[in-house]
Structures are given as C-alpha cells and as structure tokens.
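S.K.: sequence first, then the predicted structure:
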Amino acid sequence: MTTRQTAINLTILGALAYLPAMTQAAPQKDQTYRITIIHTNDHHGRFWQNSDGEYGMAARKSVIDQIRADVRIHGGYSLLLDGGDVNTGVPESDMQDAEPDFKGMNLLGYDAMAVGNHEFDKPPAVLAKQRQWAQFPMLAANIYRHGKRMFAPYKVFDLGGVRVAVMGLTTDDTKKLTNPENTQGIEFRTPAKEAARLMPELQRKADVIIGATHMGHYTDGEHGVNAPGDVEMARQVKGFNLIVGGHSQNPVCMKAENVRNDAYVPGSDCAPDRQNGAWIVQAHEWGKYVGRADFEYRNGEFKLVQYLLIPVNLKHKVKGEDGKERKVTYTREIPQSREMLTLLQPYQAKGDTVLSEQLGSSDGKLEGDRALVRKQPTNLGVFIASVMKNKAHADFAIMNAGGIRDSLPEGKISYKDILKVQPFGNTLVYIDMSGQEALDYLKAAARMSAGSGAFAQFSGVQLRIAGGELQQALIGGKPIDPARSYRLALNNFTAAGGDGYPRLTTHKGYVNTGYVDADLMRAYFSSHGSIKTADFEPGDSVVRQ
C-alpha cells in the first residue's frame with residue numbers, strides 16, 4: 001500500500017477547493033501505527049551538488065529511498081514534506097525557472113510543500129508554470145487573491161487508517177521580501193489567525209495535524225523585525241502535533257527548552273523544539289540535511305520515538321599526516337542516485353553553457369587582487385558594496401575583502417567571471433540600527449587589520465581612520481545622528497560574526513534577503529550593460545593614517 005496520494009495541480013489564479021480526504025476507517029483501538037515524517041526546506045536552487053561534492057538532489061534521493069525502505073520493512077508509513085523556497089540561489093536553477101528543481105522533487109516523491117516567499121521572486125506566469133510542473137500540492141492557507149485562497153490550504157493523507165492533515169502557511173513578511181510587481185492583488189494574512197480558523201475543521205477530519213510552514217524558527221519567539229514564526233504560532237494555536245518549518249534557514253536543534261544549539265555539528269544528536277504540544281523541526285537549507293521524525297500513533301497519542309537530522313555529504317577540513325588539509329564528510333559518504341543524475345544532467349549542462357555568455361563589459365579592470373583589496377580601498381570593493389547598498393535600499397554597506405576572490409577584467413564580462421569574484425554563495429542581509437549602533441559598527445570595521453580577509457571595503461561613508469581607530473565618520477555626507485535609524489547592508493557571513501566582526505544575526509533589525517551576492521552583480525550588469533570604473537573609484541572617501 002502506498003502512502004502517496006494523486007497530486008493535484010492548481011492554476012495560479014486558483015482559490016481552489018480543499019483537497020479532500022478519502023473515506024477511510026478510523027484508527028483501531030490499542031493498535032500502534034508507525035508514521036515517519038521526512039522533511040527538507042529552503043532548497044534555493046541547489047539541485048546539483050556543489051564543487052566539494054556536498055548535498056544535491058541525487059544524494060538526497062539515496063537518503064530518502066533508504067529511509068522509505070526502512071520504514072516499509074518495519075510496517076510503517078511515511079510522508080515527505082518541504083518547508084518552501086524552492087526558488088532563488090543558484091544560477092543554473094534561476095535561469096531555468098527552477099524546472100530541474102521541481103522535476104527533481106517529483107522524482108523524489110514529495111507529498112506536499114509549503115509555499116515560500118521566494119516562490120514569488122519571479123512573475124506570476126513563472127509560478128503558474130511551476131505549479132504545473134509540481135506533481136504534489138503547494139499548500140498555503142493564508143495567501144489570498146481577490147478574497148479567495150490562491151492555494152489549497154491543506155491536504156489530508158490516509159496512512160494505514162490514520163488521517164494526517166498537512167496545513168500550509170507562509171510568512172506574512174512576503175510582501176516586503178519580494179518584488180511588489182509579483183504580488184499585486186495578493187494578500188498574505190496572519191498565519192496564526194488562519195491556522196486557528198481552520199483548526200476545528202481539521203480536528204474533525206484528521207487524527208494528526210501537521211503544519212508545513214515557511215515562517216521561520218526564532219528561539220523562544222524572539223523574532224525581532226521579522227514576522228512571528230513557528231514558535232509564536234504554536235504558542236497561540238493549540239492543535240498542531242508537528243510543525244515542519246523553513247525560512248530562517250537554520251537547523252532546529254535544541255540544547256534545552258527555548259535554547260537553540262547554534263553551534264550544532266553535522267551528524268551529532270539533534271533534539272527538535274517543542275511548544276504547546278507541537279514538535280517543531282527545520283533542516284537548515286539547500287538540502288544540506290534530510291530530517292527524519294519517527295512517531296508512533298496509538299489511541300489518539302502521537303509520540304515522537306526518534307529524530308534524526310541526516311547530513312547529505314557535508315564536509316569539514318582535516319589535517320593529514322603530511323600536514324596538508326583536505327575535506328572529508330562528517331558521516332559516511334552517500335552515493336548519488338543514477339536515476340536522478342540522468343534527469344538533472346541536461347539542466348546542469350545547459351546552465352554551464354549559459355554561464356559562459358557575455359553579460360556586459362567594463363571600460364577598465366575592477367581590482368580584486370588579494371594583495372591590494374585586503375590593504376586598501378579598490379574600485380571593485382566599492383562596486384560590490386554599492387550593489388549591495390542599492391539592492392537593500394541601505395544608507396551604507398560593508399564588504400569584507402576576504403569575500404572578494406578575483407578581479408573583473410577590462411572588456412567583456414561573463415557570469416563565470418562574476419562567480420570567480422564571489423564564489424561563496426553568501427546572501428545579502430541588512431540591519432536597521434540606531435545611529436549609535438552604526439557608529440559602533442564602523443568603529444569595529446575600522447579596527448580590522450590591513451592584509452586580512454576582514455579588511456573592509458565601503459560604500460556610502462566617508463571615514464578617517466588613524467592607527468585602527470575611527471576619528472571621523474559621515475554617512476551620506478552628513479555626521480551620524482545617534483538618534484536616527486540607519487540601514488546597513490552586508491553579507492550573511494560578516495553579519496554572523498565572520499572574520500571577527502560583531503555578530504548581528506540576533507539583532508532585532510536583522511533581515512536576510514536570500515539574494516545571493518554573485519546574482520546581485522549579475523543583475524547589475526544585465527540591467528546596466530557596460531560600466532565605467534571611474535564611477536567606483538574610492539578616491540579619499542576612506543583615509544587611513
């Protein structure tokens with residue numbers, strides 16, 4: 001007996017009927033049912049493994065196939081769920097409207113997914129096309145168009161007689177995180193209110209209720225400027241047995257009640273969060289992990305038996321006997337599925353071809369040589385920081401020189417050239433902070449040593465630095481007002497404390513846009529064509545003595 005139901009494709013203008021449960025017998029008294037929920041989230045275009053052989057859908061399929069086989073052997077049932085954001089992150093996927101990703105998900109056998117905010121990154125016609133590709137429902141109870149739901153709010157699955165309802169919910173921050181042109185006429189209602197509204201209906205139709213959400217996990221409900229996430233909703237809405245989340249892109253592994261283990265090591269034990277009777281899980285991002293939650297259902301009780309966060313060929317550096325460093329997997333290496341590779345290889349090859357195409361040109365060299373960009377302001381450092389500042393609508397931007405790995409040549413520039421400059425796939429973040437906080441952060445940046453990867457490149461500021469100490473600072477040509485709010489743009493590596501910078505990820509004004517750094521530069525060239533290096537000469541904007 002299969003646990004998967006016939007997938008229902010919905011049109012983009014849908015406000016369509018709920019997906020009904022089939023007529024079925026109720027669970028038998030004193031019978032134990034084994035139910036396994038397999039989950040991922042925030043795929044962001046990573047259908048192919050990276051250059052180090054980490055993650056990728058081919059290895060993910062091997063993991064999921066093995067889990068399903070194990071579940072079947074032990075007489076259990078399973079569902080494969082995703083927490084949303086299939087789109088945006090890797091050029092090979094972005095340029096093909098995530099077709100390889102959705103078709104890869106079909107082959108993986110997903111049962112349902114939450115709609116993520118990045119599903120609205122492209123025009124509505126692209127989303128309509130993706131919904132046709134998907135052979136599984138995209139669920140969102142709180143997204144409305146012209147007063148009607150755009151997506152099915154839930155689906156009920158029959159797992160051996162146990163009725164399991166999966167309700168989709170999407171962050172109500174989506175409007176501010178996406179291009180307004182793509183969400184015209186669309187309303188993102190408060191997820192908790194929609195969940196509370198539907199809960200009585202689901203409690204009549206189902207024995208187990210799962211939320212497939214794209215709202216974020218914020219420790220102890222401290223969501224800052226972000227919309228409330230899974231923790232807050234679970235506290236407000238009683239009735240969820242499990243919440244499979246996404247959006248905040250972190251592994252939800254708890255050290256204690258309301259204390260998340262942000263130093264989680266792949267392959268070690270992971271305890272999910274629990275709020276108001278609901279387990280909350282999230283599997284980081286990009287398919288780096290596959291989550292496995294094994295439950296037993298008996299006489300109305302849904303009991304967690306085991307939880308695993310399985311790393312998909314994630315690697316770390318080790319030093320060999322010869323003193324040289326190499327990368328090895330944290331756990332046993334997972335083979336890639338040949339069937340998945342056969343499906344995805346043509347898409348990857350097409351992407352490789354497109355990457356060699358010219359995007360634009362430059363009238364001179366944009367300097368990213370390591371010996372220079374880590375010691376002095378350069379036109380490439382100013383250019384990258386300016387692109388970040390403009391995209392985030394920020395007042396100033398900081399780019400760590402260690403994230404600049406090459407120069408951009410004079411003449412024709414391809415996307416491959418851009419990836420040589422920014423190969424890490426860092427994302428653009430911004431922080432709204434007070435003037436005093438902005439000044440303090442600039443002081444910290446000024447202290448970063450010349451010659452190190454932490455050395456800062458700037459846009460939007462004029463600085464005078466003596467002996468590593470900030471003597472004068474202007475933002476937008478004016479003195480910093482300690483009482484005014486300023487927006488800082490930088491990458492997620494630096495914001496997380498990389499290179500010794502003050503950590504900003506817990507700041508209440510922190511927002512990760514999800515936009516990858518190299519894609520920002522690519523978009524700039526695509527829209528501007530040729531650029532003049534003179535526009536980005538640092539001049540005397542930053543003077544060090």
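M.R.: That came through, no problem. Residues are numbered from 1 along each chain as shown.
S.K.: just for this protein, where's the confidence low?
M.R.: 1-25 (pLDDT under 70).
S.K.: grab the nearest non-local neighbour of D269.
M.R.: C253 (7.9 Å; Cβ to Cβ, 6 or more residues apart in numbering). From N, CA and C alone the C-beta is placed, and that goes for glycine too.
S.K.: so the one you found touches G267, yeah?
M.R.: No. Using Cβ atoms under 8 Å as the test, C253 is too far from G267 to be in contact (11.5 Å).
S.K.: more neighbours: the two, which one.
M.R.: Neighbours per residue, other Cβ atoms under 10 Å: of C253 and G267, the larger number sits with C253, 22 against 17.
S.K.: ok, that one to L355 distance?
M.R.: Applying Cβ to Cβ, to the nearest Å, the value for C253 to L355 is 36 Å.
S.K.: how about T378?
M.R.: T378 is 25 Å from L355, by Cβ to Cβ.
S.K.: between the two, tell me which one has more neighbours.
M.R.: Per other Cβ under 10 Å, whichever of T378 and L355 has more neighbours is T378, with 24 against 18.
S.K.: A128 belongs to a helix?
M.R.: Yes. Under DSSP: H, G, I helix; E, B strand; the rest coil, A128 falls within a helix.
S.K.: burial of it, as a residue count?
M.R.: Neighbour number of A128 under other Cβ under 10 Å is 14.
S.K.: still on that earlier bit, list the contacts of the residue nearest to D269.
M.R.: Residues near C253 by Cβ atoms under 8 Å, 6 or more residues apart in numbering: 260-261, 264, 269-272, 309.
S.K.: what does D101 give?
M.R.: 43, 45, 47, 57, 86-87, 93.
S.K.: pull out the buried members of the contacts of C253.
M.R.: 260-261, 264, 270, 272, 309 (16 or more other Cβ atoms under 10 Å).
S.K.: now, these that are in strands?
M.R.: Residues of those located in strands (DSSP state E): 260, 309.
S.K.: same list, the buried ones among the contacts of C253, but as TSV with distance to T213 please.
M.R.: Output for these, formatted as TSV (distance: Cβ to Cβ, whole Å):
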residue	distance to T213
R260	17
N261	21
Y264	20
C270	19
P272	14
L309	18
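S.K.: among the buried ones among the contacts of C253, which one lies nearest to Q457?
M.R.: Proximity of the buried ones among the contacts of C253 to Q457 (Cβ to Cβ) peaks at Y264, which lies at 31.5 Å.
S.K.: roughly how far does the closest residue in space to that closest one that isn't next to it in sequence sit from Q436?
M.R.: Distances taken as Cβ to Cβ, 6+ apart put C253 closest to Y264, at 4.5 Å, once the chain neighbours are dropped. For C253, the distance to Q436 (Cβ to Cβ) stands at 35 Å.
S.K.: where along the stretch 151-300 of the chain do the strands fall?
M.R.: Using DSSP state E, counting those that start in this stretch, the strands of the stretch 151-300 of the chain run over 154-159, 162-170, 186-188, 208-214, 242-244, 254-256, 259-260, 273-275, 278-281, 289-298.
S.K.: other residues contacting the third one?
M.R.: For strand 186-188, the surrounding residues in contact (Cβ under 8 Å, 6+ apart) are 120, 142-145, 150, 170-175.
S.K.: do stretch 263-274 as well
M.R.: 217, 230-231, 251-254, 257, 260-261, 279-281, 288-289, 293, 304, 307-309, 311, 314, 316, 330-331.
S.K.: can you get me a residue count around R235?
M.R.: 14.
S.K.: A256 too?
M.R.: A256 - counted by other Cβ under 10 Å - has 8 other residues nearby.
S.K.: got it, and Q358?
M.R.: 12.
S.K.: also Y307?
M.R.: Neighbours of Y307 (other Cβ under 10 Å): 18.
S.K.: do you know how far it is from V259?
M.R.: Taking Cβ to Cβ, one finds Y307 at 17 Å from V259.
S.K.: wait, which of the buried ones among the contacts of C253 is closest to G161?
M.R.: Once Cβ to Cβ is applied, the member of the buried ones among the contacts of C253 that ends up nearest G161 is P272, at 25.8 Å.
S.K.: chain neighbours aside, what residue packs nearest to that closest one?
M.R.: Nearest to P272 is V281, by Cβ to Cβ, 6+ apart, at 4.7 Å.
S.K.: same thing with P123?
M.R.: P123 sits nearest to N182 (Cβ to Cβ, 6+ apart), 5.8 Å away.
S.K.: for the one you found, what are its contacts?
M.R.: 120-124.
S.K.: at 10 Å instead, please
M.R.: 119-124, 126-127, 174 (Cβ atoms under 10 Å, 6 or more residues apart in numbering).
S.K.: buried members of the residues you listed into PyMOL, please.
M.R.: One line in PyMOL is enough to select the buried ones among the contacts of N182; burial here means 16+ other Cβ under 10 Å:
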select buried, resi 119+120+121+122+124+126+127+174
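S.K.: still on that earlier bit, of all the contacts of C253, which two lie farthest apart?
M.R.: R260 and D269 (14.0 Å).
S.K.: quick one: buried residues of stretch 408-417?
M.R.: 408, 413-415, 417.
S.K.: now render the residues you listed as CSV, adding secondary structure and distance to Q31.
M.R.: Compiled in CSV, the buried residues of stretch 408-417 are given as follows (DSSP: H, G, I helix; E, B strand; the rest coil; distance: Cβ to Cβ, whole Å):
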residue, secondary structure, distance to Q31
L408, strand, 65
I413, strand, 65
S414, strand, 62
Y415, helix, 57
D417, helix, 62
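S.K.: export the residues you listed to a markdown table and tack on distance to V516?
M.R.: Listed next are those as a markdown table, based on distance: Cβ to Cβ, whole Å:
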| residue | distance to V516 |
| --- | --- |
| L408 | 17 |
| I413 | 17 |
| S414 | 17 |
| Y415 | 12 |
| D417 | 16 |
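S.K.: of all these, which comes closest to V156?
M.R.: Y415 (44.4 Å).
S.K.: circling back: which single one of the contacts of strand 186-188 is nearest to Y110?
M.R.: So of the contacts of strand 186-188, ranked by how close each gets to Y110 (Cβ to Cβ), first place is T170, at 16.9 Å.
S.K.: help me confirm that that closest one comes into contact with G229.
M.R.: No. Look at T170 against G229 with Cβ atoms under 10 Å: they stay out of range, at 11.5 Å.
S.K.: I am finished for the moment; much appreciated.
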